[in-house]
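Visitor: quick one, what's the 3D model for this:
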Amino acid sequence: MPSPKLSTYVALLRGINVGGKNLLPMAALVEMFGKVGCTQVKSYIQSGNVIFSATASCAAGLPEELADKIHTKFKFRPPVVLRSAEALAAVAKQNPFLAAGVEEDFLHVGLLADTPAAARVKLLDGNRSPGDRFDIRSSEIYLHLPNGMGKTKLTNAYFDSTLQTVCTFRNWRTVLKLVELSRMN
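Guide: Residues are numbered from 1 along each chain as shown. Okay, the predicted model is just below:
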């Protein structure tokens, strides 16, 4: 019987190791991935980016299973958003602000756990944070934040509540690095 096919994925955890809260050592996180059946596991920076290989069935249940394991051991439950390496590469290629010539230092991507309903997307206020812009494409929110992430009103809480799903943001350089690392896995 042939071995199940392994694919490369990127898991993005929200809100860990930020401002001294929700502390989660990357070595412990990598070990957790290994215990649930993932291989070639590596983390990138301390903010919860993990590149790994797994079968499709392992990856399908991973966000909930991993959140449960973190809650059991560390007493907090971070949202976990998952993308295949191919899907993340497509995210990097489809940034409408980059195509328009916007400087990369002002670009971020919100990766959503689910594709929001069109009716929910229509509820978003394009003028919520003057000077900042967003563009939703499927299950990603592309952001142009010339005033910086710390000053925008386009926050996780805003998008989560309006779109009725979970998002986690990464700056553009991190997205590109994760794409690069996932190709090497």
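
Visitor: any idea of the pLDDT on the closest residue to S43 other than its chain neighbours?
Guide: For S43, ignoring the flanking residues on the chain, the nearest one in space by C-beta to C-beta, 6 or more residues apart in numbering is M26 at 4.1 Å. In short, each C-beta sits where N, CA and C put it, glycine included. Looking at M26, its pLDDT reads 95.

Visitor: and if you look at M1?
Guide: pLDDT, M1: 67.

Visitor: next one: the one 3 residues further on
Guide: pLDDT for P4: 84.

Visitor: give me the distance between it and S57.
Guide: 8 Å (C-beta to C-beta, to the nearest Å).

Visitor: average pLDDT for the longest helix anywhere in the chain, rounded please.
Guide: The single longest helix within the chain, with elements called by DSSP state H, is helix 56-74. For helix 56-74, mean pLDDT is 96.

Visitor: so what touches the lowest-mean-pLDDT helix or strand in the chain?
Guide: Within the chain, no helix or strand scores below helix 96-99, which has a mean of 92 by mean pLDDT, DSSP states H and E. Applying C-beta atoms under 8 Å, 6 or more residues apart in numbering, the contact partners of helix 96-99 are 104, 107, 133, 135, 137, 142-144, 172.

Visitor: and it, how far out from the chain middle?
Guide: Taking C-alpha atoms, centre = their mean, to the nearest Å, one finds the center of helix 96-99 at 19 Å from the center of the full chain.

Visitor: export only the CA atoms of it, formatted as PDB.
Guide: Extracted C-alpha coordinates of helix 96-99, given in PDB (Å, rounded to 0.1, in the frame of the first residue of the first chain):
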ATOM      1  CA  PRO A  96      -3.700  44.200  -5.800                       C
ATOM      2  CA  PHE A  97      -1.800  46.900  -4.000                       C
ATOM      3  CA  LEU A  98       1.600  45.600  -5.000                       C
ATOM      4  CA  ALA A  99       0.400  45.400  -8.600                       C
END
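
Visitor: can you spell out which helices and strands pack onto the following helix or strand past it?
Guide: Heading C-terminal from helix 96-99, the first helix or strand you meet, by DSSP states H and E, is strand 107-112. If you count contacts as 3 or more C-beta pairs under 8 Å, 6 or more residues apart in numbering; DSSP states H and E, strand 107-112 packs onto strand 80-84, strand 140-144, helix 156-163, strand 167-171, helix 172-184.

Visitor: ok now the next helix or strand after strand 107-112, how far from the chain's centre?
Guide: Sequence order places helix 118-121 as the next helix or strand after strand 107-112, per DSSP H and E. On the basis of C-alpha atoms, centre = their mean, helix 118-121 sits 21 Å off its chain's mean C-alpha point.
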